[in-house]
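A.B. asks: Return a 3D structure for these sequence lines:
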Amino acid sequence: MPIVNRVADLQPDIQAWRRDIHENPELLYDVHRTASFVAARLKEFGCDEIVTGLGKTGVVGVIKGKKPAGEGDVKVIGLRADMDALPIQEATNLPYASKTPGKMHACGHDGHTAMLLGAARYLAETRNFAGTAVVIFQPAEEGGAGARAMIQDGLMDRFGIEQVYGMHNGPGIPIGSFAIRSGPIMAATDEVNISIEGLGGHAARPHKCIDSVMVGAQLITALQSVVARSVDPLDSAVISICEFHAGNARNVIPQTAELRGTVRTLMPEVRQLVEKRIGEVVAGIAQVTGAKITLNYQRGYPVTVNHGAQTQFATRIAREVAGEANVHEMPPLMGGEDFSYMLESRPGAFIFCGNGDSAGLHHPAYNFNDEAIVYGTSYFIKIVENAMAA
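C.D. replies: Numbers count the residues shown, from 1 in each chain. Below is the predicted model:
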């Protein structure tokens with residue numbers, strides 16, 4: 001089954017919606033214009049129920065099929081798209097580039113939202129399924145845990161969602177192709193914040209000081225030993241210290257230093273081990289150097305784990321849309337995704353849809369490729385129609 005013919009007809013409309021959203025990026029939970037745009041489209045499509053303000057600014061549309069689901073069948077499928085942009089200055093020079101300085105859709109959430117709107121329009125027109133499709137438009141994926149906020153507001157229970165499916169565009173994956181894997185597909189993302197208090201003084205008298213810069217350097221080096229010597233080489237973990245703030249003069253040993261970084265893991269037990277070892281390394285360096293070191297370790301998004309049966313199903317649907325040769329099993333990525341909360345709450349799967357040879361995600365020159373629209377929209381539609389066949 002190739003792309004849905006009706007979706008090809010709808011492509012210009014979906015593209016127009018995408019570009020409108022792209023021109024007007026909004027951050028985190030402050031997606032009021034985008035949410036209003038989505039709700040207005042869902043009303044035009046004739047959704048049976050539209051709920052706004054879920055998880056602060058999330059939008060949900062309910063579309064009922066022509067027939068009720070049979071006994072033992074899946075009755076309610078959730079499809080999710082994210083709406084928020086990033087605090088990045090756009091550098092595409094496109095005619096529909098961001099109108100808001102310092103904000104842009106650099107991750108393709110404009111495309112995700114538009115594709116799900118396209119699927120909602122088609123499903124509301126045809127209703128060729130038995131059960132209920134719930135289209136979920138989520139705020140604050142980019143660090144705000146909007147998926148968790150919607151779940152805490154009753155998303156899964158209120159709408160009776162039994163399975164949930166999400167999608168992300170993939171730069172470097174050819175247009176018309178999909179990539180997916182069972183099990184961990186994206187990493188847990190934790191934050192490391194370290195404050196060092198040494199003893200400042202003159203750069204010519206280091207023996208009278210506790211050098212916070214040297215302590216910080218030792219910490220950065222020692223933390224790499226956690227991955228190299230504490231984590232099984234067949235498992236995955238990343239510790240990256242990406243900020244080091246200390247001092248403001250070349251001849252003064254600073255009293256304090258700040259380190260900030262991220263930890264990525266793919267297994268709960270590795271996540272626990274790395275957190276424990278980081279605390280032990282910090283305590284050891286403090287004892288050796290005499291500095292006072294405070295560690296603030298904050299857990300972020302959990303591992304995104306695709307469920308086995310639903311991944312098999314999603315793979316089959318992707319092959320129907322794109323062809324057997326264009327659906328690939330991918331290695332896990334060390335980036336994070338808050339769809340992980342939805343997959344903790346309900347079985348489902350997360351898939352990548354090819355964005356072609358574009359700039360990478362979170363890059364100022366990135367742009368969602370409108371040629372991907374027909375594939376992603378068709379995938380969403382076929383998930384519903386096949387999981388809840390009339």
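
A.B. asks: All the helices of the stretch 101-250 of the chain, residue numbers only.
C.D. replies: 109-126, 146-152, 155-159, 212-229 (DSSP state H, counting those that start in this stretch).

A.B. asks: Mind giving me the packing neighbours of the shortest one?
C.D. replies: Counting contacts by 3 or more C-beta pairs under 8 Å, 6 or more residues apart in numbering; DSSP states H and E, the secondary-structure elements packed against helix 155-159 are strand 58-64, strand 76-82, strand 132-138. For the C-beta atoms, the positions are set from N, CA and C on the backbone; glycine is no exception.

A.B. asks: I'd like the helices of the stretch 101-250 of the chain as a markdown table, with distance to residue 40, mean neighbour count and mean pLDDT appended.
C.D. replies: Output for the helices of the stretch 101-250 of the chain, formatted as a markdown table (distance: least, C-beta to C-beta, whole Å; neighbours: other C-beta atoms under 10 Å; pLDDT from 0 to 100):
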| stretch | distance to residue 40 | mean neighbour count | mean pLDDT |
| --- | --- | --- | --- |
| helix 109-126 | 10 | 26 | 98 |
| helix 146-152 | 20 | 23 | 98 |
| helix 155-159 | 20 | 17 | 98 |
| helix 212-229 | 48 | 18 | 97 |
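
A.B. asks: Distance to residue 183 added to those helices, as a markdown table?
C.D. replies: Shown next, in a markdown table, are these (distance: least, C-beta to C-beta, whole Å):
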| stretch | distance to residue 183 |
| --- | --- |
| helix 109-126 | 23 |
| helix 146-152 | 19 |
| helix 155-159 | 22 |
| helix 212-229 | 21 |
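
A.B. asks: Out of those, flag the one nearest residue 316.
C.D. replies: Across the helices of the stretch 101-250 of the chain, residue 316 has its closest neighbour in helix 109-126 (17.7 Å, C-beta to C-beta).

A.B. asks: That closest one: how far from the chain's middle?
C.D. replies: The gap between where helix 109-126 is centred and where its chain is centred comes out at 19 Å by C-alpha atoms, centre = their mean, to the nearest Å.

A.B. asks: Distance check, residue 300 against residue 265.
C.D. replies: Applying C-beta to C-beta, to the nearest Å, the value for residue 300 to residue 265 is 11 Å.

A.B. asks: between the two, what contacts are shared?
C.D. replies: Residues touching both residue 300 and residue 265 (C-beta atoms under 8 Å, 6 or more residues apart in numbering) are 188, 190.
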